[in-house]
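> Sequence plus predicted model, see below.
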Amino acid sequence: MLTKEELPECPVATTVQLIGNKWKLLILRNLIYNGAQRFTDFPKTIPGISKKVLTDNLRALEGDGLIEREVLPRCRQESYIPFPSSGKRLNQFLTPCLIGAQTIRTVCSVL
């Protein structure tokens, strides 16, 4: 997990550093829209992601405090939970981005 001092001063650079690859954005999208998910749920909605890439990105997001991992005692399966208290503001940032992307897609399909 990066400390506040290790992050760039520029908010855009910080965002890119924390969630700047397509896999992290797609993982976060799933967690925003679907809530907590198990590891096996992600590949169903993120075509082309390998288990290694998924594992690496989930660990990075967890290490940066953007998601939490919870092991369910009954079935010993992991569940990933979006936005612990330290990451709730990210949801406020990502939701308008997703809405904007949907708007752009609509406009582009009209052109």
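Now that the structure is in, tell me what you want to look at.
> CA atoms for contacts and neighbours, from now on please.
Fine.
> list the buried ones in stretch 45-58?
L54, N57, L58 (16 or more other C-alpha atoms under 10 Å).
> Now do the helix or strand that contains the last one: everything it contacts.
Per DSSP states H and E, L58 falls inside helix 51-63. Applying C-alpha atoms under 8 Å, 6 or more residues apart in numbering, the set of residues contacting helix 51-63 from outside is M1, L18, I19, W23, K24, I27, I67, E68, R69.
> strand partners of whichever helix or strand comes after it, parallel vs antiparallel please.
Downstream of helix 51-63, the first helix or strand assigned by DSSP H and E is strand 67-71. With DSSP bridges as the test, strand 67-71 is paired with strand 78-82 (antiparallel).
> can you give me the helices for this protein?
In the chain, the helices defined using DSSP state H lie at 11-19, 22-34, 42-45, 51-63, 88-110.
> Switch those helices over to a markdown table; also include distance to R74.
Putting the helices of the chain into a markdown table (distance: least, C-alpha to C-alpha, whole Å) gives the following:
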| stretch | distance to R74 |
| --- | --- |
| helix 11-19 | 32 |
| helix 22-34 | 22 |
| helix 42-45 | 21 |
| helix 51-63 | 22 |
| helix 88-110 | 28 |
